[in-house]
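K.L.:
Sharing a model prediction with you, sequence too.
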Amino acid sequence: MQSAFRKISRVGSLVGATKWYLSDDCLLSAKHVMYAVEYRRFYLRDIESITVWPNRLWLLRPMIPGSLFGVAAAMLWYWANPTAGEIAVGAGVLCVAVELALGSTAKSCIRTTGVTVNLPIVKRTRRAPRVLAEIDAAIHAARGSAIEPASISVSAPQPAAPPTEFKPETAPAEARIGDLT
């Protein structure tokens with residue numbers, strides 16, 4: 001028996017993982033935390049937007065292990081021998097290079113007609129266009145629209161503009177409500 005759901009993404013963490021499945025009419029997330037699984041179903045007709053942006057703190061991922069390997073290299077170089085220190089430096093440089101090559105980690109938000117949910121859809125922002133293109137094609141197919149899917153771009157977050165507020169002092173004094181009888 002073949003399942004109607006196909007896996008489109010998996011985002012792992014230390015305590016579990018979130019797997020994303022797509023079917024003809026819904027997007028399903030299965031969030032595994034230890035021994036429990038929490039399912040969320042997002043109907044494709046109800047999805048208003050899916051937003052993916054780079055995590056601001058993603059540079060901590062290469063900096064923390066790089067600095068730990070740097071401290072270990074200095075200690076090994078001083079107490080053991082230079083060869084052990086060079087190995088620790090090489091491991092630290094390799095760890096930092098791999099993290100920088102993989103790119104920034106991502107955060108995401110799904111807005112539907114009733115709720116906004118912050119769940120990770122992809123681990124890295126470089127993979128987001130491919131996953132979002134699959135979801136966008138499924139949404140267009142579910143809604144039956146013949147509109148060409150728009151190009152999907154992932155960009156850095158823009159600073160929020162201050163909200164424009166309506167001040168009653170600036171309203172014209174001439175505006176009066178007419179007699180409706």
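P.N.:
Looks like it arrived, so ask away.

K.L.:
Report the buried residues of the lowest-mean-pLDDT helix or strand in the chain.
P.N.:
Scoring the helices and strands of the chain by mean pLDDT, DSSP states H and E places helix 60-79 at the bottom, with a mean of 81. The neighbour-count check on helix 60-79 (16 or more other Cβ atoms under 10 Å) flags 61-62, 65-66, 69, 72-73, 76-77 as buried. Every residue, glycine included, has its C-beta placed from N, CA and C.

K.L.:
For residue 133, state which of the residues you listed is nearest.
P.N.:
residue 61 (26.1 Å; Cβ to Cβ).

K.L.:
Would you agree the closest one is in contact with residue 105?
P.N.:
Yes. Here residue 61 lies in contact with residue 105, judged by Cβ atoms under 8 Å, at a distance of 6.9 Å.

K.L.:
which among the buried residues of helix 60-79 gets closest to residue 119?
P.N.:
Distances from residue 119 to the buried residues of helix 60-79, taken by Cβ to Cβ, are shortest for residue 61, at 20.0 Å.

K.L.:
any idea how the chain splits into domains?
P.N.:
Split into domains by automatic domain parsing, the chain comes to 6-57+103-144, 60-102.

K.L.:
Take the buried residues of helix 60-79 and lay them out in CSV including distance to residue 45.
P.N.:
Formatted as CSV, the buried residues of helix 60-79 follow (distance: Cβ to Cβ, whole Å):
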residue, distance to residue 45
61, 37
62, 41
65, 44
66, 46
69, 50
72, 54
73, 56
76, 59
77, 62
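
K.L.:
one step back: worst mean pLDDT among the domains of the chain?
P.N.:
When the domains of the chain are compared by mean pLDDT, domain 60-102 comes last with a mean of 82.

K.L.:
Do a quick rundown of the strands in this protein.
P.N.:
Using DSSP state E, the strands of the chain run over residues 6-12, 16-22, 26-33, 36-43, 47-54, 106-112, 116-117.

K.L.:
how much space between the residue lying closest to residue 78 once chain neighbours are set aside and residue 39?
P.N.:
Nearest residue to residue 78, sequence neighbours excluded (Cβ to Cβ, 6 or more residues apart in numbering): residue 85, at 7.8 Å. Separation of residue 85 from residue 39 (Cβ to Cβ, to the nearest Å): 50 Å.

K.L.:
Between the two, which is the more surrounded one?
P.N.:
More crowded of residue 85 and residue 39, by other Cβ atoms under 10 Å: residue 85, with 18 against 9.

K.L.:
Alright, I will stop here.
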